[in-house]
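Engineer: sequence unknown, structure follows:
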């Protein structure tokens, strides 16, 4: 869990959309993020499945649900009421403070590029690019938005008019399948919307979430402010709503379908897409998986003995990798194809009320394997000769070695493209590389943990207990510190280190003084945390296991 601080602290220095985009960024932080993200949550769900099965055998279904309700459900609910709103607020403030109306491609391309010119209303520069016969519908490398889209997002009707006159497609999609009219409707940019409508923009174009442009006007102030913070633009929702009203009047005059209002709105897709759980989404997925485990266990209990007699190779390395790698690769391939942000090493994020089926299914593979591991071998046999990570000294180097070629395949490195020119072949190889990476890293880290943590150590127990709190509470602190570091004349490594160290120290102090010996500490880690060490047989109480 503590790796979440490193993960999110690194994002400010990458090209990944984030509330703070520090100009001192370095591509190495993208690799740091990708490497950690590639195995962190799969390993979490594998261990969660293992200890869920342990709790089920020892306490039964009722005891399991009570335990998980206290350790997972209740912290998630309280986090939704406290930490998540604080995270959204910190992200918005940090984005406004550090970004304002900054350019969309800051720190990644020439500041005079077409997307920046469109976003800032630089008409002469846009005309220059048109004269050079530039691709007016090209997606920028960071957000995947077209020049016309940036004119719509920032409200630049003059540059929008020049782009349309120059031949830009009013319905050219972004990477996530939104169009400029979606953006104009979402932010209430009625000037740009009118130009797009007059130019013949597709009123029924569907985004990746199934929304038409008119549906984008149904989003409330919280969503608009959140997205504006990520894009680093300033918005006033009163102005947004007034612009939306004018757009709605315009749409009424050109609406071809008279019974449009009777159509079921597609805005219900926000149940999948709006990040209501923020960085706590994995706990919500864990709740779904625990319920799924209980349902499956109810059917399997009559034949539970079959699991204990299952061939050991199904749950021990290296033979089990022959089955697990292709399964993970297939799901990675499917997630990359559906992810509007493009391919990414590791699982996609799904923070909506209803989890994305592919993402939940991917997590379920690791959770289910962890459950099967315990049911088939038991804790004692896993810790003995049948240890899952017994070859950790080989597995970890394999995972680290596979990482770089997998990234090159995933992002179409020039060398790889020359060697493997077929796109489909590269995608399949990248997915297989991801499967090898995630399973070898997960098994290797489990084996390393068994090697160095085989006996009880107070500092390890303390770090384990505090890590749950550190992850829950870290993101608002990270946003604030990233915003503060943004203005310091320091290199990226110094800012990153400062953010990580200060965040960790502040949260460890808060854990010791405000959490550990309180009801919150008992809720997160069980009654054993108050007295210091947790007996070995009580280790299942930790939600990170």
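Structural biologist: On my side now, so go ahead. These numbers come from a predicted model, not from an experiment.
Engineer: for the longest helix belonging to the chain, packing partners?
Structural biologist: If you go by DSSP state H, the chain has its longest helix at helix 27-68. Counting contacts by 3 or more C-beta pairs under 8 Å, 6 or more residues apart in numbering; DSSP states H and E, helix 27-68 packs against helix 3-11, helix 281-300, helix 357-383, helix 392-410, helix 423-452. Every residue, glycine included, has its C-beta placed from N, CA and C.
Engineer: the closest residue to residue 86 other than its chain neighbours: which element?
Structural biologist: Nearest non-adjacent residue to residue 86, counting by C-beta to C-beta, 6 or more residues apart in numbering: residue 476, 4.4 Å away. If you go by DSSP states H and E, residue 476 is part of helix 458-486.
Engineer: okay, buried residues for the helix or strand following that helix please.
Structural biologist: Counting by DSSP H and E, the element after helix 458-486 in chain order, helix or strand, is helix 492-510. Buried residues in helix 492-510, counted by 16 or more other C-beta atoms under 10 Å: 492, 495-496, 498-500, 502-504, 507-508, 510.
Engineer: show me the contacts for the nearest residue to residue 279 once chain neighbours are set aside.
Structural biologist: The shortest distance from residue 279 to any non-neighbouring residue, by C-beta to C-beta, 6+ apart, is to residue 475 (5.0 Å). By C-beta atoms under 8 Å, 6 or more residues apart in numbering, the contact set of residue 475 is 8, 83, 87, 90, 278-279.
Engineer: any chance of these in CSV, with neighbour count and pLDDT too?
Structural biologist: Below are the contacts of residue 475 laid out as CSV (neighbours: other C-beta atoms under 10 Å; pLDDT from 0 to 100):
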residue, neighbour count, pLDDT
8, 22, 95
83, 20, 95
87, 23, 92
90, 21, 90
278, 19, 90
279, 22, 93
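Engineer: could you work out the most separated pair of these?
Structural biologist: Spanning the widest gap among those are 8 and 83, at 13.4 Å by C-beta to C-beta.
Engineer: just the pLDDT for residue 269.
Structural biologist: Predicted confidence (pLDDT) for residue 269: 62.
Engineer: sorry, wrong one. I was asking about residue 28.
Structural biologist: At residue 28, pLDDT is 92.
Engineer: check the one 4 residues further on too.
Structural biologist: Confidence per residue is given as pLDDT, and for residue 32 that number is 95.
Engineer: surely it meets residue 10?
Structural biologist: Yes: counting by C-beta atoms under 8 Å, residue 32 touches residue 10, with 4.9 Å between them.
Engineer: more neighbours: these two, which one.
Structural biologist: residue 10 (27 against 19; other C-beta atoms under 10 Å).
Engineer: circling back: gap between the helix holding residue 476 and the chain center?
Structural biologist: Mean-position distance between helix 458-486 and its chain equals 18 Å (C-alpha atoms, centre = their mean, to the nearest Å).
Engineer: what does stretch 114-128 give?
Structural biologist: That offset, for stretch 114-128, works out to 32 Å (C-alpha atoms, centre = their mean).
Engineer: all further residue positions should be reported with the first residue as 37.
Structural biologist: New numbering, starting at 37: the last item is stretch 150-164.
Engineer: and residue 241, helix, strand or coil?
Structural biologist: The three-state label given to residue 241 by DSSP: H, G, I helix; E, B strand; the rest coil is coil.
Engineer: so what's it up against?
Structural biologist: Applying C-beta under 8 Å, 6+ apart to residue 241 gives the contacts 207, 209, 215, 217-218, 248-249.
Engineer: inside helices: which ones of those?
Structural biologist: 217-218.
Engineer: report the two of the contacts of residue 241 separated the most.
Structural biologist: Across those, the longest distance by C-beta to C-beta is 12.9 Å; it joins 209 and 248.
Engineer: leaving out sequence neighbours, find the closest residue to residue 259.
Structural biologist: Spatial nearest neighbour of residue 259, excluding adjacent residues (C-beta to C-beta, 6+ apart): residue 310 at 6.2 Å.
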